[in-house]
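K.L.:
sequence? don't have it. structure:
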């Protein structure tokens, strides 16, 4: 499996970056590259460091690291650089990029790289850039809750049911011309609907008119995503650690991590044994993996972590293995009417989601539980290959084949102890 995973990454290597997959993703995506970098930590750390540098070449002058960097032309791909027109934005870099960001896994990836293969000069090069990105998130996206907001579903698990109500509130006038690459390359039944995609493009065009820097008070899609904030909380703690390796105190990052932990912690719902996005009912029809992601950041108390595992993450009726869907973790609760085991982010199993939860379980000393999820994940990959996502009922491979982050995270699960 190690050699097979390395072969997938090599086949997707475009020279300066590793593309997620040849069928659908010809450019560099933000959190995909972070996963690639950490996956290479024990087999080719220098190539992992090059991946980080390549992504940071797309950083905007205000600190944002965009969700796509368009290093190479791909005229058949939409939405490409012509939609984003980043060159019209004063703070954009010379290389074309999108105007959005993605979950900030990169600082955690850099820590994993450094622990596997220490390189102080590399830290001196990239840690200030990571600091600038994290500071930008708090400056541009802060909410009264103490957490940060995303302004577009593409900044998270875009087709997740948790965004349905927020997208439904958008008043999209008329019909927008929709060009799509994904539903031409992949079965349309696995991808977002045209109804949702029209809203994605509507938001992009509205953002473009504001140079991708909306005022949150006036923006129609402001979503406090627990997955994004949990990843940021862990990344801030890792960034503080990286500053410590350079002889600094990482005070801003350390303080931010504590504040995020506190703000996430108050969202615990004792009845549902999960976290809630707002003050609503945690058992609503759109319950997704978002409800459990604070586990990754070490937010729950020990007894809460165990309850979250037993009553939600591994519960047969929610996200865990069941007779009719033996593969976990499902990306939406099986008890939800929105559950769709084949559609992007609405039910399938993802290697990166399992990776996050394995880290969270290990953080709490729930080693047997983490080992079982690791075993199941590796068995699924062994059976069905390094694909984008999997049907939880059959393990059938779905989405893009030879998918980079599935290969990279498999390397990490096999090699990191």
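P.N.:
Right, received. Where do you want to start? Small disclaimer: the values here were computed from a predicted structure and weren't measured.

K.L.:
Okay, now the unreliable bits of the protein?
P.N.:
For the chain, the stretches with pLDDT under 70 are 174-186, 279-285.

K.L.:
try 90 this time
P.N.:
Low-confidence segments of the chain (pLDDT under 90): 23-24, 73-80, 171-198, 277-286, 416-417.

K.L.:
All the strands of this structure, in order from the start?
P.N.:
Here the chain has its strands, by DSSP state E, at 28-29, 68-69, 268-269, 274-275, 389-390, 397-398.

K.L.:
Which stretch among those strands approaches residue 227 most closely?
P.N.:
Across these, residue 227 has its closest neighbour in strand 274-275 (10.2 Å, Cβ to Cβ). All C-beta spots, glycine's among them, are computed from the backbone N, C-alpha and C.

K.L.:
Remind me what the closest one packs against, helices and strands.
P.N.:
Contacts defined by 3 or more Cβ pairs under 8 Å, 6 or more residues apart in numbering; DSSP states H and E place strand 274-275 against strand 268-269.

K.L.:
Each with direction, which strands does the strand it packs on pair with?
P.N.:
Strand 268-269 has the following sheet partners, assigned by DSSP bridges: strand 274-275 (antiparallel).

K.L.:
hmm, who's touching the strand it pairs with?
P.N.:
Contact partners of strand 274-275, identified using Cβ atoms under 8 Å, 6 or more residues apart in numbering, comprise 226, 264, 267-269, 282, 287, 290-294, 299, 308, 312.

K.L.:
ok, back up a step: which stretch among the strands of the chain comes nearest residue 18?
P.N.:
Of those, nearest to residue 18 by Cβ to Cβ is strand 28-29, at 7.8 Å.

K.L.:
Could you give the number of residues near residue 93?
P.N.:
Residue 93 has 17 neighbouring residues, counting by other Cβ atoms under 10 Å.

K.L.:
give me every residue that touches it.
P.N.:
The contact partners of residue 93, by Cβ under 8 Å, 6+ apart, come to 57, 58, 59, 60, 61, 86.

K.L.:
mind giving me a markdown table with these and columns for distance to residue 172?
P.N.:
Listed next are the contacts of residue 93 as a markdown table, based on distance: Cβ to Cβ, whole Å:
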| residue | distance to residue 172 |
| --- | --- |
| 57 | 34 |
| 58 | 29 |
| 59 | 31 |
| 60 | 28 |
| 61 | 32 |
| 86 | 24 |
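
K.L.:
Longest helix in the protein, by number of residues?
P.N.:
If you go by DSSP state H, the chain has its longest helix at helix 120-141.

K.L.:
what helices or strands is it leaning on?
P.N.:
Of the remaining helices and strands, those touching helix 120-141 by 3+ Cβ pairs under 8 Å, 6+ apart are helix 45-56, helix 106-116, helix 226-245, helix 251-265.

K.L.:
Quick check: residue 356 touching residue 293?
P.N.:
Yes - with contact defined as Cβ atoms under 8 Å, residue 356 reaches residue 293; the gap is 7.0 Å.

K.L.:
what do the two both touch?
P.N.:
residue 231.

K.L.:
Those two: which has the busier surroundings?
P.N.:
Ranked by neighbour count (other Cβ under 10 Å), residue 356 and residue 293 place residue 293 first, with 27 against 24.

K.L.:
list the contacts for the more buried one?
P.N.:
Residue 293 sits next to 226, 227, 230, 231, 275, 356 when contact means Cβ under 8 Å, 6+ apart.

K.L.:
got a list of what the nearest residue to residue 384 once chain neighbours are set aside touches?
P.N.:
Distances taken as Cβ to Cβ, 6 or more residues apart in numbering place residue 397 nearest to residue 384, at 4.3 Å, with adjacent residues excluded. Going by Cβ under 8 Å, 6+ apart, residue 397 touches 384, 385, 387, 390.

K.L.:
again with residue 250
P.N.:
By Cβ under 8 Å, 6+ apart, the contact list for residue 250 reads 239, 240, 241, 242, 243, 244.

K.L.:
For residue 214, see how far away the third one is.
P.N.:
To tie it back to what came earlier, the one meant is residue 241. Remark: distance between residue 241 and residue 214 (Cβ to Cβ, to the nearest Å) = 32 Å.

K.L.:
Now the residue most central in space within the chain, what are its backbone angles?
P.N.:
When the chain is reduced to its mean C-alpha position, the nearest residue by Cα atoms, centre = their mean turns out to be residue 103, at 4.8 Å. Here is the backbone geometry of residue 103 (degrees, to the nearest 10): phi -50, psi 130.

K.L.:
Got phi/psi on residue 395?
P.N.:
Residue 395 adopts backbone torsions of phi 80, psi 10, taken as degrees, to the nearest 10.

K.L.:
Run a quick neighbour tally on it.
P.N.:
When neighbours are defined as other Cβ under 10 Å, residue 395 has 18 of them.

K.L.:
likewise the one 4 residues further on?
P.N.:
Close neighbours of residue 399, defined as other Cβ under 10 Å, add up to 23.

K.L.:
Just send the contacts of residue 93 back as JSON lines, with distance to residue 194 and neighbour count too.
P.N.:
As requested, these are exported to JSON lines (distance: Cβ to Cβ, whole Å; neighbours: other Cβ atoms under 10 Å):
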{"residue": "57", "distance to residue 194": "34", "neighbour count": "18"}
{"residue": "58", "distance to residue 194": "29", "neighbour count": "26"}
{"residue": "59", "distance to residue 194": "33", "neighbour count": "22"}
{"residue": "60", "distance to residue 194": "31", "neighbour count": "22"}
{"residue": "61", "distance to residue 194": "36", "neighbour count": "11"}
{"residue": "86", "distance to residue 194": "26", "neighbour count": "25"}
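
K.L.:
Tell me the one of those nearest residue 25?
P.N.:
residue 58 (15.4 Å).

K.L.:
still on that earlier bit, would you tell me which one of the strands of the chain is buried the most?
P.N.:
Ranked by mean neighbour count, these are led by strand 274-275 with a mean of 28 (mean count of other Cβ atoms under 10 Å).
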